[in-house]
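Trainee: Sharing a sequence plus its predicted fold:
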Amino acid sequence: MMTESWKVYMILCSDNSLYTGITTDIERRFLQHAGGRGAKYFRGRRPLQVVYLENGHSRSSATQREGRIKAMSRADKALLVLENPDISAGPHEQA
């Protein structure tokens, strides 16, 4: 039985904040956020682009990693964004 690969991601928002979440399909999830569906966090904030992406997680490990990232300082999150291990998966930007 094949299991889905979960991803941990960060999205840069129009107010310069970073939103962290998990998904199995980053393109679908970004479009949901951009279309006003999904997280309430984006009410009043426009998602601009995916700036960080980690692939290859189980749902459990993705949830744990999401929690660790959310607990980080803004400076530590910025360092993760600079490292960008899997962002080459493609551009996800809102025009």
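Mentor: Ah, there it is. Please read all numbers here as calculations on a predicted model, not as lab measurements.
Trainee: Please spell out which residues along the biggest strand by length in the chain are buried.
Mentor: Scanning the chain for the longest strand, with DSSP state E as the assignment, gives strand 47-57. Applying a neighbour-count criterion of 16 or more other Cβ atoms under 10 Å, the buried positions in strand 47-57 are 47, 48, 50, 51, 52, 53, 54, 57. C-beta here means a position set from N, CA and C on the backbone, and glycine is covered the same way.
Trainee: cool, stretch 66-75 as well?
Mentor: Going by 16+ other Cβ under 10 Å, stretch 66-75 has these buried residues: 66, 69.
Trainee: before we move on, what about stretch 24-36?
Mentor: The neighbour-count criterion (16+ other Cβ under 10 Å) identifies 26, 29, 30, 32, 33, 34 as the buried residues of stretch 24-36.
Trainee: pLDDT and distance to residue 38 for the buried residues of strand 47-57 - can I get that in TSV?
Mentor: Conversion of these to TSV gives the following (pLDDT from 0 to 100; distance: Cβ to Cβ, whole Å):
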residue	pLDDT	distance to residue 38
47	95	10
48	95	15
50	95	14
51	95	17
52	96	17
53	94	17
54	93	19
57	94	19
